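S.K.: okay, sequence plus prediction incoming.
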Amino acid sequence: MGFWSFLIIFCFLSFYIHWYGTTKALKINEDITKGSKLPSLPSYYGTYSLLWLLLPSSIILICWFFFKPYIIDIFLKESIPLSLVDNFKGNPSMLMDTIKATNPEKIFPGTNPLIIDSAAYYQTLTTNSDSYVFLLVLVVGLISSLVSLRKVSTFFRARQAVEKANINLLIFCSVIAIITTIGIVFSLIFEAVRFFERVPFFDFLFGLAWSPQTAIREDQIASQGSFGAIPIFTGTLLITLVAMAVAIPVGLLSAIYLAEYARPTVRKTFKPILEILAGVPTVVYGFFAAITVGPFLKDFVSSLGLSMASESALAAGGVMGIMIIPFISSLSDDVITSVPTSLRDGSYAMGATKSETIKKVILPAALPGIVGAILLAISRAIGETMIVVMAAGIAANLTANPLEAVTTVTVQIVTLLVGDQEFDSAKTLAAFALGITLFFVTLLLNLYALKIVQKYRERYE
Amino acid sequence: MHLKLSKNTEKDMSKNTELISKSLEKRHRSEKRFRFFGILGIGTAVIFLITILSSIFVEGKGAFKSTFIQLEINFDQEIIDPNKTNNPEEFKFANYKLLINDALKNYFPEVKDRKTFRDLSVFISSAAEQNLMKLAMENIEIIGESKKIWLLASSTIDVIHKNPQMENFLEEDRLINNIQMSWFNALKKNGDIKFGLNTNFLSNADSTEPEQAGILGSMLGSFFTLLVTLLLCFPVAVASGVFLEELAPKNKFTDFIEININNLAAVPSIIFGLLGLAIFLNVMHLPRSAPIVGGMVLALMTLPTIIISTRASLKAVPPSIREAAIGLGATKFQAVTHHVIPQSMPGILTGTIIGMSQALGESAPLLMIGMVAFIVDIPGSLTDSATVLPVQIYLWKSTAARGFVELTAAGIMVLLTFLVIMNSVAVFVRQKFEKKW
């Protein structure tokens, strides 16, 4: 049974069960001899039995989707003849991979016929197992919904049962957010711990040299690889600083102008225009930084007689700053407009000009909120990936000169993981150690910033 | 006494007024300066935006046309159909490169030795062979005849043709040598080189040759990925938004969920990629590079956005609606599902479209789960290897060949067009259907 025929049969079955439950309830209601009617509307009885169709089938399908490879592995392992296991050079998991990779229709000459047999078995297993599961789903769903239909009687309150089930479903959907967070934390911690088994924690956190090129094969001559993350952290910091140097003045001044000076029509046109900057995908900024800004800055700086790397921190950070502008401007705008009018009126009444009011009354009052906005923007900048992957360097450089190329945490994660399949090397695991550092730093920044903004809001509400 | 004081005060006043009026000038100047800085801030931001968009347009506009070279092709039966079968299926095995080479030799009879000819043969794209094969298979009567045909030029020639100033460059900076340049000029003088519409760009998947690379493969990859994202994300996000805003009891557990959602909204997108790699690929063994995994990762990433906008639009529905429904005997759940959700649907849909457009532009998490591979086939299902629009742009940007620069910019133009369309739909839905209470 293919997927589409299963889907059609399943939809048909769902409609039928719902209709059947509803009609059954209607019949009981019509039967006046019984004296009392059902406590809930008839359609709730239909929905109730429909839920009993959906619940077991979705559980089976989800389990199958996630555990299919494992279940198939178990069947495959049992089917492999012992003689093949004994003859195969290498560990058993390699044998399984070989069987899976073999296509029984396009075989290399000299392949062990037992392997071909197993491969053919594996192919039929993967295609047929879906059909068996679909059949199982239909049968189990049908049985459980038919059993649930027997409950339709004047003593059964179907609405309460349906609503309770629905609320539980909603709770489950809400809990997915928690599951995701737990998934992130555990997957990162699990891999990072494996990394720290190979590289001491403090060597990672305080080491000054980063060159993750470890030997792939044992006999290969290559450097041992050193995993000191300080140059990466300073690189991230440098690019973030450059970004903030662009974003804070421009964003803050725009926010002040839009909130305090601009007429409503000007505000209405320019606020969305600034927000376009936030909607532009980051690859676009990356391309702009690498193709337009980088060469332009390089020419400009070399005309001043200085030398500059073509993947400088200045180009990547500057363009990232442009991306951050709307975060700072719209958050600060909210903060500034929520400063109570009474404070402004008081200042004007004392004879202060508008700029004096802004500088001496509004900005100090709004400062906590603005700091929160800046912290959120910094966390954005630290976690930003595509701009730096496309425009910043790969080599870890311990420098504070924005004209040189530096690398960032996100660039390293991408370069360590893209294209590399070997999952047991310290090199790939290092990406997870960097990932968990990134996660916790941004998490702390966000929590702190949100707390500041929350406190600020409470003060003026 | 009284008079004296008033006189003094008057004197003081006039002195003060003088002081104030003097300082006022300065204060007003600083006022103007401050205002100017504000305008400068906005101006800078707007100039940045215009620069970005216009530089992409300038770089990318050339990608929509490509260069064609006209050659007299002799459809030699000896080459196409040596066994004289007249069966079009047999034509597939012919070497059409020979036809092109013969035509080039006829056009430039002065080229004799092999080494020089190699420089000449790079003028024509390898895609031209496919086109000749198609032509021969469709029109059998052409066999044995000679015909002038426009052939797709290679990317190098295309770059030279689009940038005429390159003729004056030094030989080593120019991509082609001086002899090739003279051939190019000869073709130009005879009118045998022209621009035509680049049909490959919108109908092909990726390729190693810039003139044959297209964006259709990644467009379909994006479509499949977003389909998975929408199907997973929308029901879950709306359900959890409804629960948190309408039905959740006020307790520690609900607070914990809310904190989690707010934090997930601010987690860097690459972290979701690491999650996908560690769990979906390494634990669950789902296929690498597949839209289904990409869609799952993006769904987790978009979830908070849609939940937050669902909650905002549910909040906008006035409590009187709920009270009226409950007053007529509805349960709380019925009031929400029958009245509040339908009323807030435009807002929820707007939020969903905006979340989807974010997901469309996202690329970092997809790099982690292998959607960054070089894929020549157009994906046909959720489990085929695929790449998406922004990742395709990233891949083209990382390629060294000069011809890919304009393709990258053109890819960005396509991506931005989709984003503009999605956001306009969102604005339209909001303005047309959203109720103001």
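M.R.: Looks like it came in fine. Treat the numbers as computed from the prediction; the structure is a model and nothing was measured.

S.K.: residues of the stretch 201-350 of chain B that sit close to chain A?
M.R.: B:235-237, B:239-240, B:242-244, B:247-248, B:256-257, B:260-264, B:266-272, B:274-275, B:277-279, B:282, B:284-285, B:300, B:303-304, B:307, B:331, B:333 (Cβ under 8 Å from any Cβ of the partner chain). Every C-beta, even on glycine, is put in place using the N, C-alpha and C of the backbone.

S.K.: could I get the contacting residues of the residue in the stretch 151-300 of chain B positioned nearest to chain A?
M.R.: Closest approach of the stretch 151-300 of chain B to chain A (Cβ to the nearest Cβ) occurs at B:P268, with a separation of 2.5 Å. Taking Cβ atoms under 8 Å, 6 or more residues apart in numbering or on different chains as the contact definition, B:P268 lies against A:S379, A:I382, A:G383, A:E384, A:T385, A:T410, A:L438, A:F439, A:T442, B:A364.

S.K.: now with 6 Å?
M.R.: With contact taken as Cβ atoms under 6 Å, 6 or more residues apart in numbering or on different chains, B:P268 is in contact with A:G383, A:T442.

S.K.: helix/strand/coil for B:E72?
M.R.: The three-state label for B:E72, taken from DSSP: H, G, I helix; E, B strand; the rest coil, comes out as strand.

S.K.: ok, it - contacts?
M.R.: B:A103, B:S146, B:K148.

S.K.: just the pLDDT for the first one.
M.R.: Translated: B:A103. Taken from the predicted model, the pLDDT recorded for B:A103 is 85.

S.K.: hmm, who's touching the helix or strand harbouring it?
M.R.: Secondary structure assignment for B:A103, by DSSP states H and E: helix B:96-107. Contact partners of helix B:96-107, identified using Cβ under 6 Å, 6+ apart, comprise B:L71, B:E72, B:I73, B:I79, B:L120, B:I124, B:E129, B:L132, B:M133.

S.K.: give me the element the last one is part of.
M.R.: Element membership for B:M133 (DSSP H and E) is helix B:127-138.

S.K.: show me what that helix is packed up against.
M.R.: Judged by 3 or more Cβ pairs under 6 Å, 6 or more residues apart in numbering or on different chains; DSSP states H and E, the packing partners of helix B:127-138 are helix B:96-107, strand B:146-152.

S.K.: dump that helix to PDB, keeping only the CA atoms.
M.R.: Provided in PDB are the C-alpha atoms of helix B:127-138 (Å, rounded to 0.1, in the frame of the first residue of the first chain):
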ATOM      1  CA  ALA B 127      25.300  23.000 -23.500                       C
ATOM      2  CA  ALA B 128      25.300  23.700 -27.300                       C
ATOM      3  CA  GLU B 129      26.000  20.000 -28.000                       C
ATOM      4  CA  GLN B 130      22.800  19.100 -26.300                       C
ATOM      5  CA  ASN B 131      20.900  21.700 -28.300                       C
ATOM      6  CA  LEU B 132      22.300  20.400 -31.600                       C
ATOM      7  CA  MET B 133      21.300  16.900 -30.600                       C
ATOM      8  CA  LYS B 134      17.800  18.000 -29.900                       C
ATOM      9  CA  LEU B 135      17.600  19.900 -33.100                       C
ATOM     10  CA  ALA B 136      18.800  16.900 -35.100                       C
ATOM     11  CA  MET B 137      16.400  14.500 -33.400                       C
ATOM     12  CA  GLU B 138      13.400  16.700 -34.000                       C
END
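
S.K.: what's the distance between B:K61 and B:S203?
M.R.: Summarising the geometry, the distance separating B:K61 from B:S203, computed by Cβ to Cβ, to the nearest Å, is 19 Å.

S.K.: typo on my end, it should be A:A396
M.R.: For A:A396, the distance to B:S203 equals 43 Å [Cβ to Cβ].

S.K.: so the two - more neighbours on which side?
M.R.: Shown here are A:A396 and B:S203; by other Cβ atoms under 10 Å in any protein chain shown, A:A396 has more neighbours (25 against 12).

S.K.: mind checking the SS state of the more buried one?
M.R.: Reduced to three states with three-state DSSP, the structure at A:A396 is coil.

S.K.: quick check: closest non-adjacent residue to the closest residue to chain B within the stretch 351-461 of chain A.
M.R.: When Cβ to the nearest Cβ is the measure, the stretch 351-461 of chain A has its nearest residue to chain B at A:G383, with 2.5 Å between them. Leaving aside its chain neighbours, A:G383 sits nearest to B:P268 (2.5 Å; criterion: Cβ to Cβ, 6 or more residues apart in numbering or on different chains).

S.K.: tell me where chain B has strands.
M.R.: Applying DSSP state E to chain B gives strands spanning B:65-74, B:146-152, B:193-197.

S.K.: actually chain A, not the one I typed
M.R.: According to DSSP E, the strands that chain A contains are A:210-211, A:226-227.

S.K.: in TSV, list the ones you listed along with distance to chain B and mean pLDDT.
M.R.: As requested, those are arranged in TSV below (distance: least, Cβ to the nearest Cβ, whole Å; pLDDT from 0 to 100):
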stretch	distance to chain B	mean pLDDT
strand A:210-211	18	82
strand A:226-227	17	82
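
S.K.: now do the buried residues in stretch A:72-89.
M.R.: For stretch A:72-89, the buried set under the neighbour-count rule, 16 or more other Cβ atoms under 10 Å in any protein chain shown, comprises A:I72, A:D73, A:L76, A:I80, A:L84, A:F88.
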